[in-house]
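1. Okay, sequence plus prediction incoming.
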Amino acid sequence: MRVFVFIFLFFFVPFRVHSATITLRSGKIIEAEIIERTGSYLRVDVSGIPITYYLDQIERIEENGAAEVVEAVDAARLRQVLKELGYPEEHWPVLERKFRLLAREIDFPRLRREAKGSKYNPDRLKKFIAGLGAMLQQYGYLEVDSPHPLMKVLVNSLGERDIYTLVETSELDSRARELDKELYFGCTASTQLGVILFALLDLDAKVASSQSYTSTQSHFFNYVPFPGREVLFVDFLSGVYELVPMEGYYRRAGDRWVLKEKYRLPPEFIRRLIARRTHSPEPNTPKELLNIFYLSVHLSEATSATAGIILNYGSAYLLRGELDEAIEEYTRALELNSSLGDGYYNRGNAYYKNDQYHLAVKDFTRAVELNPRDASAYYNRAVAYYSLGNYAQAREDIGKVKELGGKTDPEFLKNLEKAQDT
């Protein structure tokens, strides 16, 4: 009965009309009477004519001497996304401020309207997202050498220390440090930015990882699935926005898609392509891009790059020889995403360096279960078996490495043969 009385009063109390000056994002200024306001639109009376404006069309409202700036980003939705991604609540205010600035720079209300009209059309969505990537590049959000403050907060809010400093102060040479900054900072930060922007734009995007020609470590990027196994690769860091028919270019191997042999290019040609990308703006063909960045791909159901960021924290600690910290971070990443083959592979390396050979074997085994063509995981498991005195198993794994065309250390092979003979 109380509910009925409340509803009755709500609908029959007359609405107060407010005189206001409304500035639209187009620059137009309107003098009007506000007759209705909701969380998504404003209904006004302009010279006796009722007009409805959606809040994403409005920049500023002034009434009764007070001015209100209408934010381009839905703060409640942003906080929900940050919570789902595992960001500690104490970091939300800083992230909100930086996302509000980003939203103003890239005209987020306009992007939201364009996204709504593009989301079900692969070609239009590809063009839309490529334009978004160009704006992110223009405003410095994809810079690796001098990371944008938002990108640093996106990564460092999930760890105890500044990952950029961890890599900078490692014992690697300068060239290796630059590559690792791109790998450990750039790709996961740009992918996480994509996760948040796509959620705010109401686009169905997920997170993928790939093995590239230049690195054995996973490269993270966003993707949008479409019916018929067509996938839009969205790689902000590499500037790749390509519609890829997966069953045309790839074959399944475990939980991964592996580029078919007939589309593979010779290694020396790929090296020339990579050098050309560095010095020339000439675009690559889809086949060339797949060879450079996406030799094998894992299309996960994850809608978060958080596990990838934490995985890279583990790798940054491993580079510095801080084994306990590395193992802790790898474990944290695997608790969030148990399908991260790199998580098991890298934690196996940390266990091995920590003389925990049984645990190393266990992790390398899980790595090859997830990626049966990972020659490096077979090789490292062989080394761990050797350290345990299990020479037969080590020799079996070396056979698998050779079958897959993986690299081996001649000195280790010599020692393994001697041990077998003994």
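-> Good, I have the coordinates. Residues are numbered from 1 along each chain as shown.
2. okay, now the residue nearest to Leu404 when sequence neighbours are not counted: neighbour count?
-> Closest residue to Leu404 apart from its sequence neighbours, by CB to CB, 6 or more residues apart in numbering: Ala375 at 4.1 Å. Every C-beta, even on glycine, is put in place using the N, C-alpha and C of the backbone. When neighbours are counted by other CB atoms under 10 Å, Ala375 registers 20.
3. and Ala375, what does it touch?
-> 400-401, 404-407 (CB atoms under 8 Å, 6 or more residues apart in numbering).
4. For the residues you listed, pick the one with the most neighbours.
-> Ranked by the number of neighbours (other CB under 10 Å), these place Val401 first, at 21 neighbours.
5. Model confidence for that one, exactly?
-> Looking at Val401, its pLDDT reads 95.
6. What of Asn337?
-> For Asn337, the model assigns a pLDDT of 92.
7. Quick check: closest non-adjacent residue to it.
-> Distances taken as CB to CB, 6+ apart put Ala307 closest to Asn337, at 3.8 Å, once the chain neighbours are dropped.
8. so the one you found touches Ser339, yeah?
-> No - judged on CB atoms under 8 Å, Ala307 makes no contact with Ser339 at a distance of 9.2 Å.
9. and these two? which has more neighbours close in?
-> Applying other CB under 10 Å to Ala307 and Ser339 shows that Ala307 carries more neighbours, namely 26 against 15.
10. got the contact list for the more buried one?
-> Contacts of Ala307 (CB under 8 Å, 6+ apart): 333-334, 336-337, 340, 343.
11. do Val361 as well
-> The contact partners of Val361, by CB under 8 Å, 6+ apart, come to 348, 381, 384-385, 388.
12. Name the member of these with the most neighbours.
-> Result: Arg381 is most packed of the contacts of Val361 (other CB under 10 Å), 29 neighbours.
13. Name the nearest residue to that residue, ignoring sequence neighbours.
-> Beyond its immediate neighbours in the sequence, the residue positioned closest to Arg381 (CB to CB, 6+ apart) is Phe364, lying 3.7 Å away.
14. What helix or strand is the one you found located in?
-> helix 357-370 (DSSP states H and E).
15. For that helix, list every residue counted as buried.
-> Neighbour-count burial for helix 357-370, with 16 or more other CB atoms under 10 Å as criterion, is recorded at 357, 359-364, 366-368, 370.
16. what pLDDT, on average, does it get?
-> When the per-residue pLDDT values of helix 357-370 are averaged, the result is 96.
17. What does the pLDDT read for Arg175?
-> The pLDDT attached to Arg175 in the predicted structure is 62.
18. What ranges does this protein have for its strands?
-> Defined through DSSP state E, the strands belonging to the chain, from first to last, are 18-24, 29-37, 41-46, 49-54, 58-63, 66-69, 206-211, 219-226, 230-235, 240-245, 250-253, 256-259, 296-299.
19. now for the third one, which elements pack on it?
-> Using 3 or more CB pairs under 8 Å, 6 or more residues apart in numbering; DSSP states H and E as the contact definition, the elements that strand 41-46 packs against are strand 18-24, strand 29-37, strand 49-54.
20. let's see 10 Å
-> Applying 3 or more CB pairs under 10 Å, 6 or more residues apart in numbering; DSSP states H and E, one finds that strand 41-46 contacts strand 18-24, strand 29-37, strand 49-54, strand 58-63.
21. That one to strand 58-63, inter-axis angle?
-> What separates the directions of strand 41-46 and strand 58-63 is an angle of 60 degrees, with axes from the mean of the first three to the mean of the last three CA atoms, to 10 degrees.
22. ok now strand 41-46, how far from the chain's centre?
-> With CA atoms, centre = their mean, to the nearest Å as the basis, the distance from the averaged C-alpha position of strand 41-46 to the chain average is 40 Å.
23. List the strands paired with it, with their directions.
-> Sheet pairing here is set by DSSP bridges, and for strand 41-46 it gives strand 29-37 (antiparallel), strand 49-54 (antiparallel).
24. In that strand, which residues are buried?
-> Burial within strand 41-46, assessed by neighbour count using 16+ other CB under 10 Å, is assigned to 42, 44.
25. In this protein, which residue is most central in space?
-> The centroid of the chain falls nearest to Thr191 when counting by CA atoms, centre = their mean (2.1 Å).
26. measure it to Leu319 for me?
-> Using CB to CB, to the nearest Å, one gets 21 Å for the distance from Thr191 to Leu319.
27. got the contact list for the residue nearest to the centre of the chain?
-> Taking CB atoms under 10 Å, 6 or more residues apart in numbering as the definition of contact, the neighbours of Thr191 are 154, 205, 207-209, 219-223, 234-237, 304-305, 308-309.
28. for Lys116, same thing?
-> The contact partners of Lys116, by CB under 10 Å, 6+ apart, come to 201-203.
29. Now the buried members of those residues.
-> Restricting the contacts of Lys116 to buried positions leaves 201, 203, with burial counted as 16+ other CB under 10 Å.
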